[in-house]
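1. make a model of this:
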Amino acid sequence: MNIVTLRTFLAIVETGSLVRASERLNVTQSTVTARLRSLEDELGQTLLFRQKSGATLTPAGLKLMRYAEVMIGLWRQAQQETALPEGMESVCNFGCHMDLWPGPGRLIFDEIYRNHPNTALSVWPGEQSELDQWLGAGLLDAALTYQPTARGNQTIHALRADTLVLCADAPDIPIRFNPDYVYVDLGEEFRKQHAAAYADADTARVTFGCATWALEFLLANGGSAYLPERLAHSHLESGALYVVTKAPVFTRNSYLVTSDATAGKWPWLSDLVSRLAS
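-> Now for the predicted structure:
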């Protein structure tokens, strides 16, 4: 077993077929088939059901996938640690939900970049499921996220919650039954709060799963939408947008998840978390 065969196995799982895996890895399909056969022979298990419609995991393949993700993650981290630029003492692979980059995400990046010049930085944007997967696989040392999954080798730090306010392009826009209302899916807790507050509301014509995109749409097309106040702050200050003052206000919790093994090398982490939580 080697890293190449494990990467090939994961590529097949992620793409759903040997053909697409060969395209991703830029090798022939016969090479992918040979690597998979070699891995299955070594383990003495069938890892994938291969059909015309694609490849799916067997029970043995599902078990291997979890270990393969961790091993690939550790190998990548080992490569980074051993190939650090001259003068670097540590590395931080930082993942961030796109909606958390303006504000807390950028603050974390700036703190490390400006005040800890001996730490090499790698920054990756991701959706909730991606961040959770990358953390579990060891591909990230820290992630700024909304819905963390607790694991034994990680610590979850609760940060300051987002205040979600109804923003509009005019100060007197209606709170209810506004045909230009844009629904932004801001997580499970928001969905519950929103449904309770607007039980009689119609389905919005436009829905976004990303507050950053919704803000861009609002600035270009007008209307109203619930957004994190910190995200819309500069536009509220300039008068491009207004807070609909009588509308309900909601909150959304955010968290910084850190790998215990890596974060133990960051003496500055506690102070940074305290500033982000206050």
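2. state the number of residues packed around the residue nearest to E130 when sequence neighbours are not counted.
-> Distances taken as CB to CB, 6 or more residues apart in numbering place G95 nearest to E130, at 7.8 Å, with adjacent residues excluded. C-beta coordinates here come from the backbone N, C-alpha and C atoms, glycine included. Using other CB atoms under 10 Å, G95 has 23 other residues around it.
3. any idea of the mean pLDDT for the helix or strand containing G95?
-> Using DSSP states H and E, G95 falls within strand 90-97. Average pLDDT, strand 90-97: 88.
4. just how off-centre is that strand within its chain?
-> 11 Å (CA atoms, centre = their mean, to the nearest Å).
5. tell me the helix or strand right after it.
-> helix 106-115.
6. can you show me the CA trace of that following helix as CSV?
-> Provided in CSV are the C-alpha atoms of helix 106-115 (Å, rounded to 0.1, in the frame of the first residue of the first chain):
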residue,chain,number,x,y,z
ARG,A,106,-9.8,37.9,7.8
LEU,A,107,-9.0,38.9,11.4
ILE,A,108,-7.5,35.4,12.0
PHE,A,109,-5.5,35.5,8.8
ASP,A,110,-4.2,39.0,9.5
GLU,A,111,-3.2,38.0,13.1
ILE,A,112,-1.1,35.1,11.9
TYR,A,113,0.3,36.8,8.8
ARG,A,114,1.3,40.0,10.5
ASN,A,115,2.3,38.9,14.1
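7. same for it, what does it pack against?
-> strand 90-97, strand 119-126, helix 269-277 (3 or more CB pairs under 8 Å, 6 or more residues apart in numbering; DSSP states H and E).
8. tell me what angle the longest one forms with helix 106-115.
-> Yep, that's helix 269-277 we're talking about. On the basis of axes from the mean of the first three to the mean of the last three CA atoms, to 10 degrees, helix 269-277 is oriented at 140 degrees to helix 106-115.
9. what's helix 269-277 packed up against?
-> Partner elements for helix 269-277 (3+ CB pairs under 8 Å, 6+ apart): helix 106-115, strand 154-158, strand 255-259.
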